[in-house]
Structure formats: structure tokens, C-alpha cells
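Colleague: What follows is a protein structure lacking sequence information:
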DNA sequence: CCGTCTTTATTGGTCAGACCAATTAACTAT
DNA sequence: ATAGTTAATTGGTCTGACCAATAAAGACGG
């Protein structure tokens, strides 16, 4: 009846706790698999199941002969994978777009941009080699950095990765130019 | 130099292909671990590493004695996981509060609440046994459900959980009553 | 003393097999 | 035909072994 808790799940929790309480930072090395198996009183195979799972998530990185390292965000592999399983056009996609837009609209309302940041924006829009998706990404990346909230940035990036793997309706170019114009006015 | 491809990653690809090409539908049963290990020419432990990884993503579901089943993905299991790692990496309380408030303000702008939902809100505010934190949670839960975006709800809940472990400045009672009054007016 | 080469130890990657636990399928007796 | 029992299937976990890649330690020649 009750949910059986598998060892590898527990190990994941332990590692999570370990990262949290011992204050692991991106780049730090985790204990070896053998050491973890002793430390957590689980077979190495179970530890590995846990590590492989969160490696797929992109939380850690493991290199043979070296060890396992806590990893900072970059593109999560899992996202691409998941996107292939998720049915396109489902409600998930709509919810995702809504959530993503919510964050984007939020950072757009940043007080003011520096001249340098405005320059970045213009440069991005002028770059013909960039795909629509990449333009969108880089464009808003400037705003997210201006907004200076790492958490929102990370969440947005996650959503961005997801939505890149699904078909999304692109904005017309005018959309970006309007934003840019608005912020130019704010400065003068 | 070149990226070593681990067996468990290959197995994941194989399973992915299997699901795609053989037209597996949610609920269908996958081959057993032992069968897969023969079929894909990999040790059972490697197959398990792959299965555990995509199980964590929420793509499949495994029950002891029964088997492994392809699952209808709709629970945002992976998002939850990823978010939990992101959140715990971001130690900055202020960012968390800002992000949480962003979501809350968003759902507050829902078009209209039903009479029943308004009733729920009033009941929550009138309940003296609830702590400040619980009141806040339940109060906004009504709005999140009215807004009908499972993803936002999930993210908010995660933030809620994380911020509960930190001291958060509580809102005065008037805050909630003002919201309630506003939505009452909208109805009439 | 320094840098280089060799050897050793550590660490992940993979495999094989064993045994337990839960479920399912098959069988048997009533 | 049904209920109860037994056997087979399937996942869960553990142990130990061996390979591969890297890192650490030691030996050697300059």
C-alpha cells in the first residue's frame, strides 16, 4: 500500500542533503562512489543508479578516473530527452509558455538599462546569423542579467531549454524593436 | 578527447527509439530488465541505471514484481526535481521571495473568482487555528487553482516549501482582506 | 634541486551472479 | 467453477570481480 522507497531514491535525497548542508559549490568534488556506498550504507550499484539519474538531470558531472563533480547550470540534457517524450501541443506547452512569458514580462520592467546593455540589444537584433530562437534567448538574457536575480534567470533558462525543444510561436521582429524603443525613451 | 558514451546512455537512446518506433503508448509495458539486457547486449545493471534515470524523469514507472510501464507524462516530475536543485543552490532568500511574489501577483490577476472560491477565501481568513504561514499558503492556493496552470502551481509550491525554512516577513491581515475585497467588487 | 619517467593507487565503467520481495501465472484439490 | 497452493516472472539490492582512465607517489637522471 504505502509507497516503497527505493534505495536509489534515498541516496538521491542524501546527496541532495549533502550538497545543501555541506555547502557544496559548483565545481566541487563529491565523495567517490565507493565512499558514498559506505557512508550511506548502500551498495555501490545503488549509489550508481542515483548518480546516473542526477547526472542525466545535469546536476552532476562524472568523469572516469577523476570523480564526480557538482555542476553549475548549463543546458540540462534531460530537457532534450524529455521533450521527445512529451506530446507536442498538449496543455503542458501552453502552461510552459505562460510561465515563461510571465518571467519575461517581469524582467522587461527593469528600471533602466545602461548604454552598454542597450548596445548589446541592438547588436543582437542586427545579427543575421542568429536563429529566431537564439535571438530571443540572448535578447532576454540581457534583461535577466540587468534584473540581477539569479534564481529567475535559472528558472527561465530551464523553461527556455524546454520550449526550444518544442515548437513555439515566434514573435515578430517588431516585438523586440518596440521593447528596445521603450527602454531607449526611458533613458533620455 | 571525444565524449565517451556510456552504456547507460546508449540504453536510454535505445529505449527512446523503442518507444518511438514500436509505438508505445502510455500504460504499455516495456520488456523486462533481463530481457532488455539481452536485447541491447548490456548488463542488467547498466539497463537499470538507464531505467532508473528515466524513471526519475517521470517517463516510466516501475513496480516490483510487475514490470516497467511507459507513463503519460503530465506530472512535471522532472521540473520539480530540477527546480529543487536550482532552488537549493540559490541561497539568496531575497531572490526567492521576489520570485515567489512574482508568481503570486500573477495569479491574483485572474479574471474572476466563483462564489465558491470567494467563500473558501473568507473561510480561510476566518479560521483562527491556522498559522500565518498556512493561511498564506491556502489563501493563494485558491488563486493558483483558479488560474489553472499546474506548472506555476508546482513551482510556487516548491518555493513555498523552501521559504518556509527561512523566516519570511508575514503580511498584515489587511493585505489579504484588500485582495478579497477587490475580487468581490469584480464580481458585482 | 628540478623536471621527467615509471609505478602505484584511486576512481569510475561494466559485467556476472546471487538472493530477496512482490506480483503474476499455473496448477491442484475440493 | 472456485479457492488455495505452488511455481515462474520481474524488479530490488548486494557482492565481488575486472577493465579503463586519471591522479598521486616514487624513482631516476640531469
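Modeller: Perfect, thanks for sending it. As the structure is a prediction and not an experimental result, all values here were calculated from the model.
Colleague: CA only for contacts and neighbour counts going forward, please
Modeller: OK.
Colleague: Does anything pack onto the lengthiest helix in chain A? Which helices or strands?
Modeller: As assigned by DSSP state H, the longest helix anywhere in chain A is helix A:91-108. Based on contacts counted as 3 or more Cα pairs under 8 Å, 6 or more residues apart in numbering or on different chains; DSSP states H and E, the elements that helix A:91-108 packs against are helix A:132-147, helix A:150-164, helix B:150-164.
Colleague: if we go to 6 Å?
Modeller: Where contact means 3 or more Cα pairs under 6 Å, 6 or more residues apart in numbering or on different chains; DSSP states H and E, helix A:91-108 is packed against helix A:132-147.
Colleague: Next one: the residue nearest to the spatial centre of chain A from residue B:31, what distance?
Modeller: Centroid-nearest residue in chain A: residue A:158, 3.1 Å away (criterion: Cα atoms, centre = their mean). Remark: distance between residue A:158 and residue B:31 (Cα to Cα, to the nearest Å) = 32 Å.
Colleague: what does the worst-scoring helix or strand of chain A on mean pLDDT contact?
Modeller: Using mean pLDDT, DSSP states H and E, the weakest-scoring helix or strand in chain A turns out to be helix A:77-85, at a mean of 76. The contact list for helix A:77-85, computed with Cα atoms under 6 Å, 6 or more residues apart in numbering or on different chains, reads A:56, A:57, A:162, A:165.
Colleague: So for whichever strand or helix holds residue A:48, mean pLDDT?
Modeller: Here residue A:48 sits within helix A:44-57, counting by DSSP states H and E. Within the predicted structure, the mean pLDDT of helix A:44-57 is 96.
Colleague: Compute the inter-axis angle for it and helix A:77-85.
Modeller: Angle, helix A:44-57 to helix A:77-85, by axes from the mean of the first three to the mean of the last three Cα atoms, to 10 degrees: 80 degrees.
Colleague: any weak-confidence spans in chain A?
Modeller: Along chain A, segments meeting pLDDT under 70 span A:1-2, A:73-76, A:87-89, A:186-188.
Colleague: Give me the domain ranges for it.
Modeller: A:7-70, A:88-187 (automatic domain parsing).
Colleague: now those domains in a markdown table, with distance to residue B:141?
Modeller: Shown next, in a markdown table, are these (distance: least, Cα to Cα, whole Å):
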| stretch | distance to residue B:141 |
| --- | --- |
| domain A:7-70 | 27 |
| domain A:88-187 | 17 |
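Colleague: so which of these gets nearest DNA strand C?
Modeller: Each of those has some distance to DNA strand C by Cα to the nearest atom of the strand; the shortest is domain A:7-70, at 3.3 Å.
Colleague: can you tell me the distance between the two ends of the closest one?
Modeller: 21 Å.
Colleague: Quick one: neighbours of the closest residue to residue A:110 other than its chain neighbours, just the number.
Modeller: If you skip the residues right next to it in sequence, residue A:110 has residue A:147 as its closest partner in space, 6.1 Å away by Cα to Cα, 6 or more residues apart in numbering or on different chains. When neighbours are counted by other Cα atoms under 10 Å in any protein chain shown, residue A:147 registers 19.
Colleague: how far away is residue A:147 from residue A:119?
Modeller: Separation of residue A:147 from residue A:119 (Cα to Cα) stands at 17 Å.
Colleague: do residue A:184 as well
Modeller: Residue A:184 sits 10 Å away from residue A:119, going by Cα to Cα.
Colleague: The two: which is more packed in?
Modeller: Per other Cα under 10 Å, whichever of residue A:184 and residue A:119 has more neighbours is residue A:184, with 15 against 11.
Colleague: what's the closest non-adjacent residue to that one?
Modeller: In space, not counting the residues next to it along the chain, residue A:184 is nearest to residue A:118; the distance is 7.6 Å by Cα to Cα, 6+ apart.
Colleague: and the one you found, how many residues sit next to it?
Modeller: Taking other Cα under 10 Å as the criterion, the count of residues near residue A:118 is 19.
Colleague: can you check residue A:51 too?
Modeller: Residue A:51, neighbours per other Cα under 10 Å, totals 25.
Colleague: What sits closest to residue A:53 if chain neighbours are left out?
Modeller: Spatial nearest neighbour of residue A:53, chain neighbours left out: residue B:53 (3.8 Å); criterion: Cα to Cα, 6+ apart.
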